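**Q** got a predicted structure plus its sequence, pasted below:
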Amino acid sequence: MAIYTGRGDDGETDLRDMTRVSKTDPRIEAYGTVDELNALVGTVRPTGHDDVDDRLRTIQNHLHVVQADLANPEPDEDDPEIRADHVETIEDWIDEYDEELEPLTSFILPTGSDHGARLHHARAVCRRAERRTVALASSERINERTVEYLNRLSDGLFTVARLVNQREGEPEEAPQY
């Protein structure tokens, strides 16, 4: 597999179906932001918490599926796609980790340990990926589960950031108004 081909030198790239589009196309913006999110999640591992690391690895694999899903304007039955069970997996993890956490009583600042702060950053990038995907969906057909997954994942990353901070003894800080 060649690392460089020169095919993108004119400002265009290929979608999964080999359609050529501008690198500024909303579809490229959507899955490019998911790629950024995936790379950011990768900077968090290893956290030193095996359960968290395993789940972050699973999330990174899910994000590859999201990218493939978004890069494919005309998917076939056997193409990768985000499904309801991907969303349910994130919901299950949120519910499980919520049991371990102190109840949330106010907004909190996105800070804490190195791992916790990077997870908060990933949550913010996930929200941007969600916005880019919603923008794409306003003009093109997409798998609507991708928006649902990104929405749930941002909640999941928030929860995992809180969990890691709690496990590492970092107190939550409420914003001062």
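**A** That came through, no problem. Residues are numbered from 1 along each chain as shown.

**Q** so where do the strands sit in this protein?
**A** 12-14, 20-22 (DSSP state E).

**Q** how far does the first one sit from its chain's centre?
**A** Going back to what we said before, that points to strand 12-14. 23 Å (Cα atoms, centre = their mean, to the nearest Å).

**Q** how about the last one?
**A** For strand 20-22, the gap between its own C-alpha mean and the chain's C-alpha mean amounts to 24 Å (Cα atoms, centre = their mean).

**Q** what's the distance between the residue lying closest to Leu109 once chain neighbours are set aside and Arg127?
**A** Closest residue to Leu109 apart from its sequence neighbours, by Cβ to Cβ, 6 or more residues apart in numbering: Glu173 at 4.5 Å. C-betas here are computed from N, CA, C, even on glycine. Distance, Glu173 to Arg127, using Cβ to Cβ, to the nearest Å: 20 Å.

**Q** compare the two (neighbour count), which wins?
**A** Arg127 (18 against 13; other Cβ atoms under 10 Å).

**Q** one step back: kindly reformat the strands of the chain as CSV containing distance to Ile108, mean neighbour count and mean pLDDT.
**A** Output for the strands of the chain, formatted as CSV (distance: least, Cβ to Cβ, whole Å; neighbours: other Cβ atoms under 10 Å; pLDDT from 0 to 100):
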stretch, distance to Ile108, mean neighbour count, mean pLDDT
strand 12-14, 39, 15, 88
strand 20-22, 39, 13, 89
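
**Q** out of these, the one nearest Asp78 is which?
**A** strand 12-14 (19.6 Å; Cβ to Cβ).

**Q** now the helices for the protein?
**A** Here the chain has its helices, by DSSP state H, at 26-44, 50-70, 84-100, 114-137, 145-167.

**Q** centre of the chain to the third one, how far?
**A** Using Cα atoms, centre = their mean, the mean C-alpha position of helix 84-100 is found 15 Å from that of the whole chain.

**Q** alright, calling it a day.
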